[in-house]
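Enquirer: Here is the input, now give the coordinates:
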Amino acid sequence: MFRLTPTVRVLLIINVLVFFLQTQFGAQVDVLGALYPFSSIYFKPWQFVTYMFMHSGFGHLLSNMLGLVFIGASLEDVWGPKRFLTFWLICGIGAGVLYQGVRTYEIHQMNVDRIEFRENPSGIAFVDFFSKHFPAYEQAAKSMGVSLDRNPGNASMIDQAADAIDDAYSSVQTSPNSGMLGASGALFGVLFAFGFLFPQSTLIIFPIPVPIKAWLFVFLYTAYELYAGLHQTPGDNVAHFAHLGGMLIGFIVLKIWQRNGTHYG
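Expert: So this is what the prediction gives:
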């Protein structure tokens, strides 16, 4: 049922207002509030909080806010406004921290592969770099990879390929489009909490035509996010590990509250 509990209402208003600012000022807002990698020239500590109030488009905002309204309201009824807001913020910040850890490792591995190519250049290594780190450009990289394999001693071609890899690696540090944003980390923590506290509740999730138990939906969604995070496909710009991070942090917080004797309704 569509209801606006006090904290849900405030979060909804803040997210909509921030999205309005994004539409009016664009990149000027994004570079301040999105969560950038530690190595990025745009990274600021406050982004661990601000990123969760920003979205990449109306569809992104709508899906997250619908989840907040339909699932968050039930938890706020049980916990009250203060505890629900605390949980939302902890899950969002925690998801950002865990995402940064994963992203830092990925960027380090990217640099290792970049150096390895310079030491042992080959067409296969060139294509593998983009396949692993920039899958959207894998197909474009294949033509140069074939040329490198056909001309393994061509210094000019090797330098061109090395420069392309350097530019791709550098874009992670300098591109204003490399930030992560969205309330999904916090929302996935809330989703996990709902399945944890009300496992037998039924949900109707579009486009699934039949009701599904909350525990089963959370389990299947977690499995999907793990698979998608480990097998990223071209064009997939979803921060799957931020989603998983929100769920993990939500689980930890719930277990701590249980151990400390917190009662849920």
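Enquirer: so what are the domain limits for the protein?
Expert: Listed domain ranges for the chain are 6-103+181-259, 116-174 (source: automatic domain parsing).
Enquirer: and among the ones you listed, the most buried is which?
Expert: Highest mean neighbour count of the domains of the chain: domain 6-103+181-259, a mean of 18 (counted as mean count of other CB atoms under 10 Å). Where C-beta positions appear, they are placed from N, C-alpha and C, glycine not excepted.
Enquirer: end-to-end on that one?
Expert: In domain 6-103+181-259, first residue to last residue: 27 Å (CA to CA, to the nearest Å).
Enquirer: where does Gly153 fall, helix, sheet strand or coil?
Expert: On the three-state scheme (DSSP: H, G, I helix; E, B strand; the rest coil), Gly153 is labelled coil.
Enquirer: Okay, it and Asp163: tell me how far apart.
Expert: Counting by CB to CB, to the nearest Å, the gap between Gly153 and Asp163 amounts to 18 Å.
Enquirer: Go through the domains of the chain and find the least confident stretch.
Expert: Out of these, domain 6-103+181-259 stands lowest, with a mean of 86 (criterion: mean pLDDT).
Enquirer: Let me know which of the domains of the chain is the nearest to Gln109.
Expert: Among those, the nearest to Gln109 by CB to CB is domain 116-174 (7.9 Å).
Enquirer: so how far is that closest one from its chain's centroid?
Expert: From the chain centre to the centre of domain 116-174 is a distance of 27 Å (CA atoms, centre = their mean, to the nearest Å).
Enquirer: One more: stretch 60-70?
Expert: Centroid displacement of stretch 60-70 relative to its chain, using CA atoms, centre = their mean, is 16 Å.
Enquirer: ditto for stretch 251-265
Expert: How far stretch 251-265 lies from its chain's middle: 26 Å, per CA atoms, centre = their mean.
Enquirer: what's that stretch in contact with?
Expert: 77-79, 87, 90-91, 94, 189, 192-193, 196-197 (CB atoms under 8 Å, 6 or more residues apart in numbering).
Enquirer: how much space between the residue lying closest to Tyr137 once chain neighbours are set aside and Asn111?
Expert: Using CB to CB, 6 or more residues apart in numbering and skipping the chain neighbours, the partner closest in space to Tyr137 is Phe130 (4.9 Å). With the distance defined as CB to CB, Phe130 ends up 15 Å from Asn111.
Enquirer: With Phe38 instead?
Expert: Between Phe38 and Asn111 the computed distance is 13 Å (CB to CB).
Enquirer: can you list the contacts of stretch 251-265 in JSON lines and add distance to Ser56 and secondary structure?
Expert: JSON lines is the format used below for these (distance: CB to CB, whole Å; DSSP: H, G, I helix; E, B strand; the rest coil):
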{"residue": "Asp77", "distance to Ser56": "30", "secondary structure": "helix"}
{"residue": "Val78", "distance to Ser56": "31", "secondary structure": "helix"}
{"residue": "Trp79", "distance to Ser56": "29", "secondary structure": "helix"}
{"residue": "Phe87", "distance to Ser56": "24", "secondary structure": "helix"}
{"residue": "Ile90", "distance to Ser56": "23", "secondary structure": "helix"}
{"residue": "Cys91", "distance to Ser56": "19", "secondary structure": "helix"}
{"residue": "Gly94", "distance to Ser56": "21", "secondary structure": "helix"}
{"residue": "Gly189", "distance to Ser56": "20", "secondary structure": "helix"}
{"residue": "Phe192", "distance to Ser56": "23", "secondary structure": "helix"}
{"residue": "Ala193", "distance to Ser56": "25", "secondary structure": "helix"}
{"residue": "Phe196", "distance to Ser56": "28", "secondary structure": "helix"}
{"residue": "Leu197", "distance to Ser56": "30", "secondary structure": "helix"}
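Enquirer: I am finished for the moment; much appreciated.
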